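J.: Got a sequence here, can you build the structure:
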Amino acid sequence: MADEQPNLVAGHPPALKAGGMRIVQHKAPASERPAKDAEDCTGLTQPVNVNSSVVSGATVKGNTDFTPASAQVAHSHKPPNAVSQKPQPHIQQPRK
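T.: Residues are numbered from 1 along each chain as shown. This next block holds a predicted model:
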C-alpha cells in the first residue's frame, strides 16, 4: 500500500490541465517487449482449394464465361474529355 499513489482515479493519475485544456503526456516504453518465439505452424491447417468448381452456387468455367477481350473492354479506362470545362466562378457579392 505504501508504493501506491493516493490520488489515482481509475488506476491512473488524473489528467493534467492548463488553462482548461488537457495536456497530452506520451509515456515512454519502460522496457521493450520480448520477442515471441517463432513457432512452426506448418501442417496445422489444411490447404485451401483455390480452384473450386462451385462459387456461390454457380459452377466456375474459367474463361468460357467471359472472354479475355470482353474483360479487357470492361476494365479499360474511360476516354479523355474532348473539351475540358472549367468551373464558372459564382461569387455572390453586392453590386455598387
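
J.: going forward, measure contacts between C-alpha atoms and count neighbours the same way
T.: Noted.

J.: who does the helix or strand bottoming out on mean pLDDT in the chain pair up with?
T.: Taking mean pLDDT, DSSP states H and E as the measure, strand 54-55 is the helix or strand of the chain with the lowest mean score, a mean of 72. Its sheet considered, strand 54-55 pairs with strand 58-59 (antiparallel) by DSSP bridges.

J.: how distant is the strand it pairs with from the center of its chain?
T.: 32 Å (C-alpha atoms, centre = their mean, to the nearest Å).

J.: tell me the mean pLDDT over that strand?
T.: Per-residue pLDDT values over strand 58-59 give a mean of 77.

J.: residues in contact with that strand?
T.: residue 53 (C-alpha atoms under 8 Å, 6 or more residues apart in numbering).

J.: Residue numbering should commence at 793 henceforth.
T.: From this message on, residue numbering opens at 793, which makes the last subject strand 850-851.

J.: Just after that strand, pick out the following helix or strand.
T.: Moving toward the C-terminus from strand 850-851, the first helix or strand encountered (DSSP states H and E) is helix 860-866.

J.: From the chain's centroid, how far away is that following helix?
T.: 30 Å.

J.: who does that helix touch, helix- and strand-wise?
T.: The contact analysis (3 or more C-alpha pairs under 8 Å, 6 or more residues apart in numbering; DSSP states H and E) places helix 860-866 against no helix or strand.

J.: could I have that helix exported to PDB, CA atoms only?
T.: Listed in PDB are the C-alpha atoms of helix 860-866, where the atom choice follows Å, rounded to 0.1, in the frame of the first residue of the first chain:
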ATOM      1  CA  PRO A 860     -10.300 -12.000 -72.200                       C
ATOM      2  CA  ALA A 861     -11.300  -9.400 -74.800                       C
ATOM      3  CA  SER A 862     -14.600  -8.700 -73.100                       C
ATOM      4  CA  ALA A 863     -12.900  -8.400 -69.700                       C
ATOM      5  CA  GLN A 864     -10.400  -6.000 -71.200                       C
ATOM      6  CA  VAL A 865     -13.100  -3.800 -72.600                       C
ATOM      7  CA  ALA A 866     -14.900  -3.800 -69.200                       C
END
